[in-house]
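Undergrad: Quick one, structure for this:
(chains A and B)
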Amino acid sequence: MWRRAAAWAAALAVGAALGLASAWAALAFTRGGGAETYGPWSHNRHAGSVAADPYTRAVIAREGLLALSAREALYFNLAEDESGRALDESCIYELSAPRLAARWWSVTLYGADDFLVQNTDHAPSIDASRALTNASGGWRARISPVRGDAANWLSSRNAGRGFTLMLRIYNPEQRFRRSEETLPALTTVSCAGRA
Amino acid sequence: MSGTAKYVWAALLVAVIVHLALVHAVPRVMMNTAIERIGGESFNTWRPAPRVTAESRSIPRPSPDFAYFACAYDLGDGPISIRVAPWPSYWSLSLYAANSDNFFVVDDRETDFDARVTLIRAGTRPPEDAPNLVESPSRRGIALIRRLAPDVASHAAANETARGDICAPMAPPA
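TA: As a prediction, the model looks like this:
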C-alpha cells in the first residue's frame, strides 16, 4: 500500500513539475507575443485585446502589462539583427525607415530585463515629435554606445547582449499596412571584434 | 490499464492542468499586483506615475515619452466617474480588466474637449442620467491616462493638467 501511495505521489509531482516547466517555457520563449513577423519585427495584433488567447495575454502581461489594443496602438518588437544574432552592445546598428503612416510613433530600446537600460545618456527612445526626418518624412537612427555624429540616436551603452527595440505606432492611418517594407529596416554597421 | 500506464496518464493529466492554470493565472496575478501597488490604501483616485527613467522598475517596457496617470478602481461600492482633462497633444484613457484586457479606450481625436466616462460593473443596473456608460468585465481594474510628454518640461505640464482629472465614486442621487 505504501508503495502504491508513493507511486501516485511521484506521478503527481512529476506532472506538476512538467506543467510548471512547460508553462514557463511557453511564456519565456515567446517574445512579443510572437504571432506574426515582418522582417526582423514580431507583432501580435491581439495584444491587449479582449480576443487575445491565453498565451498572448500571458506573454503580453509579462512583457508589457497595460498594452493598448490594436484599435489604438500597434507594437512591434525587434530582438535580432539581419543575421539572426541577438542585439549586442558591442555592435553599431542603423535603423532606416520610410515615413511611418501614423499620427505618432516611437522606437524605444530596452535591456534584456525589459526595462530601460541603466545609463545616463538620456537617449532610450526616439519619437515622431523629436526625430530629424528627411523631406519625405523618412528617418535614420543609430543604435550604439556612443552618439558620434548621429542625427537620431538610441544609446545602447550598458545594454550588454540581448537588448530589444520596441516600435510603437499610435493611431495608424488607414493606409498603414503591416509589412517589412513599411517598417524600419535594421542594418549592422560594425561589431567590435568581428571582421 | 497496466500498472505503470495509469501513473503516466495521471502525470500527464496533472501536467496539462498545471500548465493551463499557470498560463491563465499569469496576467491575473500581474494585474492584481499592479492594482494593489497603484491602489495602495485608497482606490478610485488618480495617481501620477513618476517620469519614466532608467530607474523605473514597476511596469515592464514603459514608454519614456508618456506621462502616465493610473487609477486602480473598485466597483464594489457602485459606479465610478472618470474625467480626463484635455491636453494639447496626444492623450488617451484606457481601461483594463483584472485579466489585463484593454476593454475600452478613447483618445483626444474622439472627443470635443475632455473625456467623461461612467464605469459600472457588467451586469449591474446603470445609474440614471449617467454619461457615457462603460461596463467593466471585472470588479477591479486599472484606468490609465497617457499624455504625450517626451521631455521634462512637458511632463511637468502634464502633471499640472492632471489636476483636472477625476476618478471617484459616483455621487449618490440627491
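Undergrad: Could you use CA atoms for every contact and neighbour count after this?
TA: OK.
Undergrad: Now do the lengthiest helix in chain B, average pLDDT.
TA: For chain B, the helix with the greatest residue count under DSSP state H is helix B:3-39. Averaged over helix B:3-39, pLDDT sits at 90.
Undergrad: helices or strands up against it?
TA: Secondary-structure packing of helix B:3-39 (3 or more CA pairs under 8 Å, 6 or more residues apart in numbering or on different chains; DSSP states H and E): helix A:2-28, helix A:54-64, strand B:66-74, strand B:140-148.
Undergrad: Give the buried residues for the helix or strand bottoming out on mean pLDDT in chain A.
TA: One helix or strand of chain A scores below all others by mean pLDDT, DSSP states H and E: helix A:54-64, with a mean of 80. Within helix A:54-64, the residues that count as buried by 16 or more other CA atoms under 10 Å in any protein chain shown are A:54-64.
Undergrad: Over to stretch B:87-101?
TA: Judged by neighbour count using 16+ other CA under 10 Å, the buried positions of stretch B:87-101 are B:87, B:90-101.
Undergrad: Of the helices and strands packed on helix B:3-39, give the one that comes closest to A:R142.
TA: Nearest of these to A:R142, taken as CA to CA: strand B:66-74 at 22.3 Å.
Undergrad: ok, the closest one: who's next to it in the sheet?
TA: strand B:47-48 (antiparallel), strand B:140-148 (antiparallel) (DSSP bridges).
Undergrad: Name the surrounding residues that touch the last one.
TA: I take that to be strand B:140-148. B:31, B:35, B:65-76, B:84, B:87, B:89-98, B:158 (CA atoms under 8 Å, 6 or more residues apart in numbering or on different chains).
Undergrad: Quick check: mean pLDDT of it?
TA: Computed over strand B:140-148, the average pLDDT equals 96.
Undergrad: That one versus helix B:3-39: what angle between them?
TA: Interaxial angle, strand B:140-148 versus helix B:3-39 (axes from the mean of the first three to the mean of the last three CA atoms, to 10 degrees): 60 degrees.
Undergrad: circling back: take the helices and strands packed on helix B:3-39 and lay them out in a markdown table including distance to B:A5.
TA: Output for the helices and strands packed on helix B:3-39, formatted as a markdown table (distance: least, CA to CA, whole Å):
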| stretch | distance to B:A5 |
| --- | --- |
| helix A:2-28 | 11 |
| helix A:54-64 | 30 |
| strand B:66-74 | 49 |
| strand B:140-148 | 45 |
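Undergrad: which SS state does the residue nearest the centre of chain A fall under?
TA: Nearest residue to the geometric centre of chain A (CA atoms, centre = their mean): A:N77, 2.6 Å. Here A:N77 is recorded as strand under DSSP: H, G, I helix; E, B strand; the rest coil.
Undergrad: on that earlier part again, report the distance from the longest helix of chain B to the chain centre.
TA: Distance, stretch centre to chain centre, for helix B:3-39: 23 Å (CA atoms, centre = their mean, to the nearest Å).
Undergrad: Can you list the buried residues in that helix?
TA: Applying a neighbour-count criterion of 16+ other CA under 10 Å, one finds B:7-8, B:11-16, B:18-20, B:22-24, B:26-32, B:34-35, B:38-39 buried in helix B:3-39.
Undergrad: Pick the most buried one from the strands paired with strand B:66-74.
TA: strand B:140-148 (a mean of 24; mean count of other CA atoms under 10 Å in any protein chain shown).
Undergrad: then it to CSV, C-alphas only?
TA: Output of strand B:140-148 as CSV, limited to C-alpha atoms (Å, rounded to 0.1, in the frame of the first residue of the first chain):
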residue,chain,number,x,y,z
ARG,B,140,-11.5,45.7,-10.0
GLY,B,141,-9.1,47.0,-12.7
ILE,B,142,-7.0,49.9,-13.8
ALA,B,143,-7.8,53.1,-15.6
LEU,B,144,-4.8,54.7,-17.3
ILE,B,145,-4.2,58.1,-18.9
ARG,B,146,-1.4,58.5,-21.3
ARG,B,147,-0.3,62.1,-22.2
LEU,B,148,2.4,62.5,-24.8
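Undergrad: so what's residue 106 up against?
TA: Going with chain A. A:S106 touches A:125-128, A:166-169, counting by CA under 8 Å, 6+ apart.
Undergrad: Sorry, I should have been clearer: chain B.
TA: So B:V106 contacts B:92-94, B:115 (CA under 8 Å, 6+ apart).
Undergrad: Tell me which of those residues fall in strands.
TA: If you go by DSSP state E, the contacts of B:V106 have B:92-94, B:115 in strands.
Undergrad: ok so, going back, mind putting the contacts of B:V106 in a markdown table, pLDDT and distance to A:L12 included?
TA: What follows is the contacts of B:V106, written out as a markdown table (pLDDT from 0 to 100; distance: CA to CA, whole Å):
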| residue | pLDDT | distance to A:L12 |
| --- | --- | --- |
| B:S92 | 96 | 48 |
| B:L93 | 96 | 46 |
| B:S94 | 96 | 42 |
| B:A115 | 88 | 52 |
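Undergrad: tell me the centre residue of chain B?
TA: Note: chain B centre (CA atoms, centre = their mean) maps to B:I142, 2.0 Å.
Undergrad: so what's that one bridging to?
TA: Bridge pairing for B:I142 - DSSP bridges - gives B:A72, B:Y96.
Undergrad: Quick check: the gap between it and B:S56.
TA: From B:I142 over to B:S56 the distance is 19 Å, taken as CA to CA, to the nearest Å.
Undergrad: what's the answer for B:S81, then?
TA: 29 Å.
Undergrad: again with A:A35
TA: 28 Å.
Undergrad: before we move on, what about A:G39?
TA: 31 Å.
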